[in-house]
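**Student:** Starting from these lines, generate the structure:
(2 chains)
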Amino acid sequence: MSTSPSDLPVQVAAAYYDGQTTAGKPVQLSIADGALLLRNGAQELRWPLAEVHVSERLGDTPRLLTYAGGGHCEVNDQAGLDKLLAQSGGGRDWLDVLHHSLPWAFAAVVLVVVVFFVSYKYLLPWGAEELAMRVPGSMLQKMGDSTLEALDKYMLKPSKLDEARQQALRDAYARLKTPLDPQLDYSIVFRSSPMGANAFALPNGTIVMLDGLVELAADDNEILAVLAHERGHVERRHAMRMVLQSSAVGLLLAWYVGDVSSLLATAPAIIMQAKYSRDMEREADVYAEQTMNANGLSPCLLGTILDKMETAHLAKMKEKHPEADAAKDDSAMDYLSSHPATAERMRLMCPGQ
Amino acid sequence: MQEQLGLKNKNFEFTGKGWEYFRIWIVNLLLTIVTLGIYSAWAKVRRLQYFYRNTRLDGGSFEYHGTPMAILKGRLIAFGLLIGYNAAFEFDPMIGLAVGGLLALVMPWMLMRSLCFKLYNSSYRGLRFGFAGSSRGAYRAFLLYPLLAGLTLYLLAPLAHQRIKQYQFDNSRFGNTAFRFGASPRGFYILYLSALAVMVGSVLLAIALAMMLGSGASGPAGFAAGFMLAGPFLMLIMLVAMLVVTSLFSAYMQNLVWGNTELGPHRFFSQVSARRLLWVRVSNFIGIALTLGLFTPFAAVRMARLQLESMGLAISGDLSGFVADQQQQATAAGQEAAEMFDVDISF
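**Tutor:** A predicted model of the protein is given here:
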């Protein structure tokens, strides 16, 4: 054997366990003739390298060399083990490098942020839309029916409008030219509620029109504008998409920080879901604008009625809570609101006014 | 703890480092996101290996042997059950309830299998842990006692909790040596009642404050106005109270459970300080909120260090006398457990 120091066989200290008891033995590891040698004084074990599994590196944690025939060695000397393994020609794989480099960690932070942003802004809405558009009409029908049933039971009262008035509005709605959506049966139901002037769409195409809104409207075309907006929600499958998008956001956040605090997971989820809701309102506005134009009606009518609805709601709020400053600038709370500011919606739909 | 004759106290050591784990965590996170969650099984193995290997007792470290494929299988099943359950509810609440009932029936069995999985895939000094609990015991601990607790308006909740811990610990093995769980229901009752008392006390304090603030007006109107004024302040009091109570509760619970557990001739001890736990939790919370989650790996390392280094084993003689469970090896029961799924459910 040569005597120069660089040729000395690499030796690494390890603790050997036989897998049958917890009694460990200190050993010196070396490699010779394609085998791992474990030496303790005069005793020697010889493990063919092909049958030894080396656990991957994880920070500075001890690494295990496990022998298929039973037993393992625990090594704390990382640098020594690297030198030893280099003799058998083992390199580091890409995942190993990725997990242990600070520059890669920062690159990963940037990538995570980009992926989060792109998913939130584009991928998730796109995926939810693709999926929602494929939900069969029969299922939407069932969802809408059970929702209306529950609403009728707990929140809504029968309408006080006379039948002729209801029929006139139904006829006007039926005459409205809209894109074809053969999956659903679009209809209006009339109800009353202390909520006041409002209308909302159910997933099955049914639009619930509250008496308050009919009374508030100066003419039927304003009501048609609201109906067109609500129909936009249905045709673009907003209810289904909202369920999919908000549950995805909720799940993701719960997984990301949920084990630390549910509060940390829910607060951002609310803000993130509110943005989706505003986007959908804008989409329904665009749909209403197109529908109104196609029917020779002014899209400004939607703005007019929205403005009236907002005024009515504020008046109602003031009545209930006289001390609250209901007229405060709503732009400050924009990012939390489920609807875009009415002023902004009017500007978009009706730039002349 | 007092050193006793022939006993030496060895604390667990935790050698994990925040920056080191950060690199592993962020790569795991990225790969999990770009693979739409599939990689999470591999990420879990890496995470557990990092924490196990950094946990040392008397010179030896722990090792996690779970395979990503087994974890992935378990996660897919759990995910499928969750989706099915939610979809059933969306479709018809009655079907949803039926599916929920069915899930409750298989849950104890799944919990038992996941305990088998977790323990069989953990080792220390080359010897595997194991779990020998019966399905019968699982149904008693995870279904019967919680049901009784619910039926008695939670009067039996501390007892149910004790029975669950008893089932988990009494059936755990290291090699062929059994764990013994000695905490009586009494300790659980004392802990639950103290937590309740602190919680009720802070609610009363909050109400008193609201009444003081609303004392300008009279009657219920003044009271309501006081609440309106004090709203954010009261929320803060309740949040602080919740943090304090849950920290006290989990610190004392860990001390109660581990302080009364034995392994062969050796006895565990645990002295987590509730004050330090509160501090770690609050600072972790703030850190995570301020860094939009990037502090999470540091938080995990800090929490593991506090919880592990506060406990240890009073060793009688030394730890070299444990022997592998021959029966487990012969019947390949362990192998079966290793292939069964792993479900993350915490109590």
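**Student:** next one: phi and psi at B:M211?
**Tutor:** Dihedral pair for B:M211: phi -70, psi -40, per degrees, to the nearest 10.
**Student:** let me redo that: A:G196
**Tutor:** A:G196 has phi and psi values of phi 90, psi -140 when expressed as degrees, to the nearest 10.
**Student:** Leaving out the residues flanking it, which one is nearest to it?
**Tutor:** Of all residues not flanking A:G196 in the chain, A:G212 sits nearest, at 4.2 Å (C-beta to C-beta, 6 or more residues apart in numbering or on different chains). (C-beta placed from N, C-alpha, C; glycine too.)
**Student:** tell me which parts of the stretch 201-347 of chain B are close to chain A?
**Tutor:** B:284-285, B:288-289, B:293-294, B:296, B:299, B:319-324 (C-beta under 8 Å from any C-beta of the partner chain).
**Student:** hmm, try it at 7 Å
**Tutor:** Taking C-beta under 7 Å from any C-beta of the partner chain as the contact definition, the stretch 201-347 of chain B meets chain A at B:284-285, B:288-289, B:293-294, B:296, B:299, B:319-320, B:322-324.
**Student:** the strands in the chain, which residues?
**Tutor:** Since no chain was named, I'll use chain A. Counting by DSSP state E, one finds strands in chain A at the ranges A:12-17, A:25-32, A:35-40, A:43-48, A:52-54, A:63-67, A:72-75, A:157-158, A:187-192, A:199-201, A:206-210.
**Student:** hm, I was asking about chain B
**Tutor:** With strands called from DSSP E, chain B shows them at B:7-11, B:13-14, B:55-57, B:60-64, B:122-124, B:127-131, B:172-174, B:177-181, B:261-263, B:266-270, B:311-316.
**Student:** is the first one up against chain A anywhere?
**Tutor:** When you say that, I think you mean strand B:7-11. No. Between strand B:7-11 and chain A, judged by C-beta under 7 Å from any C-beta, nothing touches; the nearest distance is 13.6 Å.
**Student:** Residues of chain A that sit close to chain B?
**Tutor:** Applying C-beta under 7 Å from any C-beta, we find that chain A lies next to chain B at A:17-24, A:58-62, A:64, A:72, A:74, A:98-102, A:105, A:108-109, A:111-112, A:115, A:256-257, A:260-261, A:264.
**Student:** what do you get if the cut-off is 6 Å, keeping everything else the same?
**Tutor:** Residues of chain A lying near chain B by C-beta under 6 Å from any C-beta of the partner chain: A:17, A:19-23, A:58-59, A:61-62, A:72, A:98-99, A:105, A:108-109, A:111-112, A:115, A:256-257, A:260-261, A:264.
**Student:** Counting neighbours, what do you get for B:V244?
**Tutor:** Using other C-beta atoms under 10 Å in any protein chain shown, the number of residues around B:V244 comes to 19.
**Student:** Tell me how many other residues crowd the closest residue to it other than its chain neighbours.
**Tutor:** Using C-beta to C-beta, 6+ apart and skipping the chain neighbours, the partner closest in space to B:V244 is B:L278 (6.3 Å). B:L278: 19 surrounding residues under other C-beta under 10 Å.
**Student:** Quick check: the gap between B:L72 and chain A.
**Tutor:** For B:L72, the distance to chain A (C-beta to the nearest C-beta, to the nearest Å) stands at 15 Å.
**Student:** residue contacts, that residue?
**Tutor:** Applying C-beta atoms under 6 Å, 6 or more residues apart in numbering or on different chains to B:L72 gives the contacts B:A41.
**Student:** residue ranges with poor pLDDT in the stretch 51-200 of chain B?
**Tutor:** Residue ranges of the stretch 51-200 of chain B with pLDDT under 70: B:90.
**Student:** got the residues of it near chain A?
**Tutor:** Within the stretch 51-200 of chain B, the positions adjacent to chain A are B:53-54, B:61, B:125-127 by C-beta under 6 Å from any C-beta.
**Student:** Name the residue closest to the centre of chain A, please.
**Tutor:** Chain A has A:V249 as the residue nearest its centroid, 2.3 Å off, counting by C-alpha atoms, centre = their mean.
**Student:** still on that earlier bit, make CSV out of the strands of chain B and add mean neighbour count and distance to A:M317.
**Tutor:** Shown next, in CSV, are these (neighbours: other C-beta atoms under 10 Å in any protein chain shown; distance: least, C-beta to C-beta, whole Å):
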stretch, mean neighbour count, distance to A:M317
strand B:7-11, 16, 60
strand B:13-14, 18, 55
strand B:55-57, 20, 57
strand B:60-64, 21, 57
strand B:122-124, 22, 59
strand B:127-131, 23, 59
strand B:172-174, 23, 59
strand B:177-181, 18, 58
strand B:261-263, 20, 59
strand B:266-270, 20, 54
strand B:311-316, 20, 56
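**Student:** want to throw these into TSV with distance to B:Q49?
**Tutor:** Shown next, in TSV, are these (distance: least, C-beta to C-beta, whole Å):
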stretch	distance to B:Q49
strand B:7-11	22
strand B:13-14	14
strand B:55-57	11
strand B:60-64	5
strand B:122-124	11
strand B:127-131	15
strand B:172-174	19
strand B:177-181	23
strand B:261-263	23
strand B:266-270	23
strand B:311-316	21
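**Student:** who's in contact with residue 233?
**Tutor:** Went with chain A since none was named. The contact partners of A:H233, by C-beta under 6 Å, 6+ apart, come to A:201, A:284.
**Student:** any idea how far it is from chain B?
**Tutor:** For A:H233, the distance to chain B - C-beta to the nearest C-beta - is 19 Å.
**Student:** Model confidence for A:P5, exactly?
**Tutor:** As predicted, A:P5 sits at a pLDDT of 48.
**Student:** right, and the residue nearest to B:V244 touches B:S247 too?
**Tutor:** Yes. Applying C-beta atoms under 6 Å, one finds B:L278 in contact with B:S247, separated by 4.0 Å.
**Student:** just to revisit the earlier point, from the residues of the stretch 201-347 of chain B next to chain A, keep the buried residues only.
**Tutor:** With burial judged by 16 or more other C-beta atoms under 10 Å in any protein chain shown, the buried subset of these is B:284-285, B:288-289, B:293-294, B:296, B:299, B:319, B:322, B:324.
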